[in-house]
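*Asks:* Have a look at this prediction, sequence included:
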Amino acid sequence: MPRFRFPALLLVVALGTLAGCAQNASVTPESKQAAENLHRAKVMTDLAAAYYQRGEIRVALSQVRQAIEADKRYPEAYDVLGLIYMDLAEDKLAEENFRKALDLDPKNSDIHNNLGYFYCTRGRYKEGLEQLQRALQNPLYRTPELAMYNSGICHEKEGDMAAAEADFRRALTLRPDYGPAMLGLGKLYYAQNRLAEAEKQMLRYGQLAQPTPQSLWFGVELERKLGRKAQADAYAEQLRKLFPDSPEAQQLNAAP
């Protein structure tokens, strides 16, 4: 389930830029070296994010450390390092690196989102919601639906279901095909025994979004609750076929 925003994969033009700069007498060797270091930091950070998303944490950690060695002032490297330490339950280091990233780029909404989500997962709801709101205050933020969805998750964790529902709906206003918000609404309705509304969100999800282990497992649970064994079995078969190694598939296979 996407809750983070990673640095966009590079459209690498820096090397061409550097080659052009070589013809400019005003470019100093120091500035060329700084540009090369920044380019290397970007490349290594992108690699770290890709490895992190694949679950290869050790490799991701090695790559992002090399990025910081190349350029100690590249904020996205500290952001990815914060995510890695969050995954490793090294909370102090995670927070330190998110904060370092924001010191270098205070208006970066992606970093505010990631720090906000981190706080929410650690029960620091007020701080988390403040960071998510700061992400949303930026009119140039590329993925506001993500921070709005995370705000809904944060409200849900602290027990404010009305606010959670409102945030999920706002996320869908920002991006009508945003699957996580549909699923978030569906699960919220399911927990409140509003099964017809939960089913509506699940049907909408099936029309607009790609299946995930989480969505298929929720489909199994919802159809079982509705007493529709055939539909539940269809979701279960799809889960086993598409995501056989997922925790949800393992949970399904372990069920009586």
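*Replies:* Arrived safely, thanks for sending.
*Asks:* show me the contacts for Ser215.
*Replies:* By Cβ atoms under 8 Å, 6 or more residues apart in numbering, Ser215 lies in contact with Gly179, Leu183, Met202, Tyr205, Ala209. For every residue, glycine as well, the C-beta is placed using N, CA and C.
*Asks:* what kind of secondary structure is it in?
*Replies:* On the three-state scheme (DSSP: H, G, I helix; E, B strand; the rest coil), Ser215 is labelled helix.
*Asks:* quick one: it from Arg228, how far?
*Replies:* Distance, Ser215 to Arg228, by Cβ to Cβ, to the nearest Å: 17 Å.
*Asks:* so Thr212 sits right up against Met182, yeah?
*Replies:* No - at 11.3 Å, Thr212 does not count as touching Met182 under the criterion of Cβ atoms under 8 Å.
*Asks:* Comparing the two, which residue is more hemmed in?
*Replies:* Neighbours of Thr212 and Met182, each counted by other Cβ atoms under 10 Å, are more numerous for Met182; the result is 26 against 20.
*Asks:* Need the three-state assignment for the residue nearest to the more buried one when sequence neighbours are not counted.
*Replies:* Leaving aside its sequence neighbours, Met182 sits nearest to Tyr205 (Cβ to Cβ, 6 or more residues apart in numbering; 4.4 Å). Following three-state DSSP, the label given to Tyr205 is helix.
*Asks:* Tyr205: neighbour count?
*Replies:* 24.
*Asks:* domain parsing for this protein?
*Replies:* Per automatic domain parsing, the domain ranges recorded for the chain read 75-83+91-175, 185-256.
*Asks:* ranking those by burial, who's on top?
*Replies:* Of all those, domain 75-83+91-175 has the most neighbours on average by mean count of other Cβ atoms under 10 Å, namely a mean of 20.
*Asks:* I'd like the distance from that one to the chain centre, please.
*Replies:* Put simply, domain 75-83+91-175 sits 10 Å off its chain's centre (Cα atoms, centre = their mean, to the nearest Å).
*Asks:* Just the endpoints, please. Distance across that domain?
*Replies:* Taking Cα to Cα, to the nearest Å, domain 75-83+91-175 runs 27 Å from one end to the other.
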